[in-house]
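Undergrad: The following block contains a protein sequence and its predicted model.
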Amino acid sequence: MDENSKYLELFFEEADEHLQSLNEQVLELEKKPEQSEIVDVMFRSAHTIKGMAATMGFDTMTKLTHNMENVFDLLKSATIQADEQSIALIFDCLDTLSQLVEDLREDNKVERDISALVERLNVVVKGETDETIEEADSTDDQFNLELHKLDDSDIQVIESANENGFNAYRIAVKIAEDSSMKNARVFLVMSKLEQQGDVLYIEPSAEVLESEEFGEVFKLIFLSKADEETVKNLALDNSEIDAVLIETVTDAQALIQSDLIEKNEQEEINVIEQEEKTPTITENKITEKKASSKQVMNHSVRVDIDKLDTFMNLVSELVIYRTQLEDFSAKLQSAELNEPLEQVARISSELQELVLKIRMQPVSAVMSRFPRMVRDLANDLDKEFELVIEGEDTELDRTVVSELGEPLIHLIRNAADHGIEIPDKRLALGKPAKGQIKITAYQEGNRVVLTVSDDGKGVNPVAIKKSADKKGIPTEGLSDKELQQLILHAGFSTAEEVTNISGRGVGMDVVKQKINLLGGTIEIDSVVDRGTVFKVNLPLTLSIIQSLLIKVGEETFAMPLGIVQKIIKPELTEIIQVHNQEIYLFEEVAIPVIRLNEVFDIPAIEEDNLHLILVNQGDKQYALAVDDILRQQEIAIKKLGTELSMMKKYLGATIMGNGGIIMILDIANICKETSQENNYEL
């Protein structure tokens with residue numbers, strides 16, 4: 001990847017984050033229009049996007065964000081209100097910015113016309129002329145050589161410089177009022193000056209200059225052997241610089257004394273300014289003195305997902321070879337190898353835990369975009385509903401999180417379009433006029449469960465049966481729940497008309513395929529006129545897990561340890577036959593028994609050595625019958641690939657220390673398929 005590509009990738013990541021932040025803040029502002037602090041956050045995000053865009057030469061984006069800042073200024077000062085029109089305008093701007101980012105990401109050379117949008121922004125700003133003139137007058141009053149924060153150390157440096165043949169200049173620079181990048185102008189002036197000397201002092205502070213929350217004037221003390229005219233021309237020789245004042249400092253002590261009164265007054269103002277600012281990271285190269293001031297350090301770093309994948313693969317290989325070494329040591333029965341092997345095991349375990357934590361990401365990373373989407377859907381459909389999100393801090397492997405967006409968006413759009421009724425109909429059914437779409441996330445053993453539910457009209461099994469019969473899909477003997485699962489089949493739909501939002505069943509097979517590719521499952525639970533719940537079950541991680549090794553007949557399998565509740569060696573009389581299923585009574589609870597040798601058509605070894613592994617799957621409990629329990633072991637999961645993707649009973653495979661390959665069981669699918677085949681009733 002070349003340097004330009006790296007910068008582009010960084011730009012896309014930053015732009016996506018700030019656009020998401022802006023969407024969240026505007027939604028918050030819509031609810032709490034009186035809170036100016038929200039506008040502060042919006043301004044900083046827009047300003048950051050503008051700065052990045054200007055640096056990359058994306059003029060259209062720079063122009064739009066600059067005009068957005070003008071409106072944000074008016075919102076912050078309460079000159080205009082955050083009403084329905086202004087909120088809609090800001091959202092339109094954010095949508096256009098997102099489109100501009102996508103154009104760049106896809107290398108789309110078509111230039112978008114933002115003139116109409118800019119004109120709408122200008123219409124909002126127009127009418128504030130008197131205030132603008134007043135601010136300009138205030139800026140003119142500041143265009144002088146008065147400095148307010150010099151201290152004794154500055155004076156000592158100036159005097160020392162004079163003794164060594166350097167001139168000290170007091171400089172005031174006025175930036176053009178319509179400049180779209182004031183901080184960039186400051187940087188350019190500083191860069192030009194530093195070719196001929198050193199900047200000792202600058203005001204306002206570097207943080208304020210970087211944030212652009214100042215007027216059009218900045219001032220500095222500059223040390224150089226160049227003459228006054230040369231220095232002035234260096235400052236003036238930059239675009240969007242209106243004027244420069246310069247004066248040679250001959251008496252440093254007089255300089256600090258003459259400004260003492262203004263200094264005391266200004267320090268009071270600056271304290272307030274600093275409390276209001278959120279510091280940002282900057283690379284301004286000013287002076288050694290300024291560099292010693294407090295800096296905000298960012299202790300996080302962005303890592304490309306491909307590098308994390310490589311890291312995880314290497315750790316997985318390390319786990320495999322560690323297991324081989326342990327087997328080799330056991331064969332040799334060498335005491336000398338035990339201690340170093342224990343250290344290798346400890347370090348590799350810590351390394352594995354670390355890389356797993358690095359790869360984990362809260363599901364909020366994908367859910368944070370949904371509130372804006374739901375708001376727009378409600379407006380488009382002329383319905384009333386809200387989005388409730390619970391468990392957004394639940395973590396998943398970032399590979400899974402990054403792929404979750406598309407299926408979840410489709411489920412939400414289906415709920416909005418075909419689940420939630422119009423207000424009048426809801427009231428007639430005795431429901432609140434405002435509907436609810438709810439997303440929940442929680443961890444269950446070594447898996448994460450996501451649900452997307454609505455309190456709408458539900459999925460009608462009668463309508464599904466009618467539609468299935470028309471399509472020639474067999475429905476005889478299917479329960480209502482089984483009929484509802486049919487909407488996950490390709491092309492299946494009960495919708496009487498197709499909308500531009502979604503169609504119940506249209507694309508639902510794609511949702512199922514996507515979830516299955518992530519090693520997950522999806523099922524539906526729906527009650528007519530009460531609502532629908534889509535339950536998505538996903539693996540916590542796709543790479544390394546703690547497993548339990550078991551024997552089924554002569555075969556060895558691995559299963560995720562996280563789902564194991566209890567291991568029991570039962571008396572044979574404790575397993576009883578009820579109708580067509582075996583039941584194990586545990587603490588007065590009847591638990592269905594699933595014999596894994598029957599699932600895989602493997603002859604059992606000895607009935608007397610039977611073990612039961614109790615596992616929970618959602619709100620149900622099962623007892624898995626196996627021939628022996630071998631041991632607990634850390635294993636690296638290897639995917640089966642597309643050719644073996646139809647083998648639903650397996651999560652994948654792993655390589656053992658002796659080089660042998662064993663299959664990892666997908667207990668969730670095994671329990672689900674077996675209970676459906678045997679019609680278990682719990």
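TA: Nice, I can see it. Numbering: from 1, shown residues only.

Undergrad: residues of stretch 228-244 that come out buried?
TA: When burial is assessed from 16 or more other Cβ atoms under 10 Å, stretch 228-244 yields the following buried residues: 231-232, 234-235, 238, 240-241, 244. C-betas here are computed from N, CA, C, even on glycine.

Undergrad: Between those residues, which sits nearest R398?
TA: Closest approach to R398 among those (Cβ to Cβ): E240, at 42.4 Å.

Undergrad: For the stretch 201-350 of the chain, which segments count as strands?
TA: For the stretch 201-350 of the chain, the strands defined by DSSP state E, counting those that start in this stretch occupy 217-224, 241-248.

Undergrad: Quick one: closest of those strands to V511.
TA: Closest among the strands of the stretch 201-350 of the chain, using Cβ to Cβ: strand 217-224, at 55.0 Å.

Undergrad: So which elements touch that closest one?
TA: Secondary-structure packing of strand 217-224 (3 or more Cβ pairs under 8 Å, 6 or more residues apart in numbering; DSSP states H and E): helix 152-163, strand 167-175, helix 182-193, strand 197-203.

Undergrad: coming back round to it: for the strands of the stretch 201-350 of the chain, give me TSV that also has mean pLDDT.
TA: Formatted as TSV, the strands of the stretch 201-350 of the chain follow (pLDDT from 0 to 100):
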stretch	mean pLDDT
strand 217-224	90
strand 241-248	90
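
Undergrad: Serialize these to CSV and add fields for distance to F385.
TA: What follows is the strands of the stretch 201-350 of the chain, written out as CSV (distance: least, Cβ to Cβ, whole Å):
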stretch, distance to F385
strand 217-224, 50
strand 241-248, 53
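
Undergrad: so which of those gets nearest I473?
TA: By Cβ to Cβ (comparing all of the strands of the stretch 201-350 of the chain), the closest turns out to be strand 217-224, at 73.0 Å.

Undergrad: Could you tell me the least trusted of the helices and strands packed on strand 217-224?
TA: Comparing mean pLDDT across the helices and strands packed on strand 217-224, the lowest value falls on helix 152-163: a mean of 80.

Undergrad: Mind listing what's buried along that helix?
TA: 154-155, 157-158, 161-162.

Undergrad: Ok, stretch 19-39 next?
TA: Residues 19-30, 33, 38-39 are the ones in stretch 19-39 that count as buried (16+ other Cβ under 10 Å).

Undergrad: Nearest residue to the middle of this protein?
TA: The C-alpha lying nearest the average C-alpha coordinate of the chain belongs to A365 (Cα atoms, centre = their mean; 2.4 Å).

Undergrad: from memory it sits against V400, does it?
TA: No - applying Cβ atoms under 8 Å, one finds A365 not in contact with V400, separated by 10.8 Å.

Undergrad: Tell me if I am right that T532 is in a strand.
TA: Yes - assessed with DSSP: H, G, I helix; E, B strand; the rest coil, T532 lies in a strand.

Undergrad: Who are the contact partners of it?
TA: Counting by Cβ atoms under 8 Å, 6 or more residues apart in numbering, T532 makes contact with 415, 419, 453-454, 456, 458-459, 524-526.

Undergrad: Please report how far it lies from V452.
TA: 9 Å (Cβ to Cβ, to the nearest Å).

Undergrad: hey, what's in contact with both of these two?
TA: The contact lists of T532 and V452 share A415, where a contact means Cβ under 8 Å, 6+ apart.

Undergrad: quick one, helices of the stretch 251-400 of the chain?
TA: For the stretch 251-400 of the chain, the helices defined by DSSP state H, counting those that start in this stretch occupy 252-258, 260-276, 288-291, 305-332, 335-359, 364-367, 370-381, 398-414.

Undergrad: now E403: how far from S348?
TA: 28 Å.

Undergrad: Quick check, pLDDT for L585.
TA: L585 is assigned a predicted lDDT (pLDDT) of 86.

Undergrad: Backbone dihedrals for it, please?
TA: Main-chain torsions, L585, degrees, to the nearest 10: phi -90, psi 110.

Undergrad: Now do the residue nearest to it when sequence neighbours are not counted: how many residues are near it, please.
TA: Computed as Cβ to Cβ, 6 or more residues apart in numbering, the closest residue to L585 that is not its neighbour in sequence is E574, at 6.3 Å. Using other Cβ atoms under 10 Å, E574 has 12 other residues around it.

Undergrad: on that earlier part again, of all the buried residues of helix 152-163, which comes closest to N313?
TA: Sorting these by how near they are to N313, with Cβ to Cβ, puts V157 at the top with 55.1 Å.

Undergrad: Was I right to think that closest one contacts V199?
TA: No - under the criterion of Cβ under 8 Å, V157 makes no contact with V199, lying 11.4 Å away.

Undergrad: which residues do these two both contact?
TA: L223.

Undergrad: picking that back up, nearest to S211, of the buried residues of helix 152-163?
TA: D154 (23.4 Å).

Undergrad: which pair in the buried residues of helix 152-163 spans the largest distance?
TA: The distance between the two most remote of these (Cβ to Cβ) is 12.9 Å, for D154 and N162.

Undergrad: So which helix or strand of this structure has the lowest pLDDT on average?
TA: Within the chain, no helix or strand scores below helix 288-291, which has a mean of 37 by mean pLDDT, DSSP states H and E.

Undergrad: So which of the contacts of T532 are in strands?
TA: If you go by DSSP state E, these have 453-454, 524-526 in strands.

Undergrad: Who wins on neighbours among those?
TA: D454 (26 neighbours).

Undergrad: Nearest residue to L377 in space, ignoring adjacent ones along the chain?
TA: Residue nearest to L377 in three dimensions, not counting chain neighbours: A416, with 4.4 Å by Cβ to Cβ, 6+ apart.

Undergrad: thought that neighbour was touching N379?
TA: No - counting by Cβ under 8 Å, A416 stays clear of N379, with 10.8 Å between them.

Undergrad: Between those two, which is the more surrounded one?
TA: A416 (25 against 11).

Undergrad: buried set for stretch 479-487?
TA: For stretch 479-487, by 16+ other Cβ under 10 Å, it's 483-487.

Undergrad: If we only consider the residues you listed, which is nearest to V593?
TA: When those are compared against V593 (criterion: Cβ to Cβ), the nearest one is Q485, at 24.9 Å.

Undergrad: OK, contacts around the closest one?
TA: Going by Cβ under 8 Å, 6+ apart, Q485 touches 523-524.

Undergrad: could you redo the last one with a cut-off of 10 Å?
TA: Shown in contact with Q485 (Cβ atoms under 10 Å, 6 or more residues apart in numbering): 459, 464, 478-479, 512, 522-525, 676.

Undergrad: before we move on, what about I246?
TA: Listed by Cβ under 10 Å, 6+ apart, the contact partners of I246 are 145, 169-173, 222, 228-229, 231-233, 235-236.

Undergrad: Dump those into a markdown table; add distance to R447 as well.
TA: Below are those laid out as a markdown table (distance: Cβ to Cβ, whole Å):
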| residue | distance to R447 |
| --- | --- |
| L145 | 68 |
| Y169 | 68 |
| R170 | 67 |
| I171 | 64 |
| A172 | 64 |
| V173 | 61 |
| F222 | 64 |
| E228 | 73 |
| E229 | 74 |
| V231 | 68 |
| K232 | 69 |
| N233 | 69 |
| A235 | 63 |
| L236 | 66 |
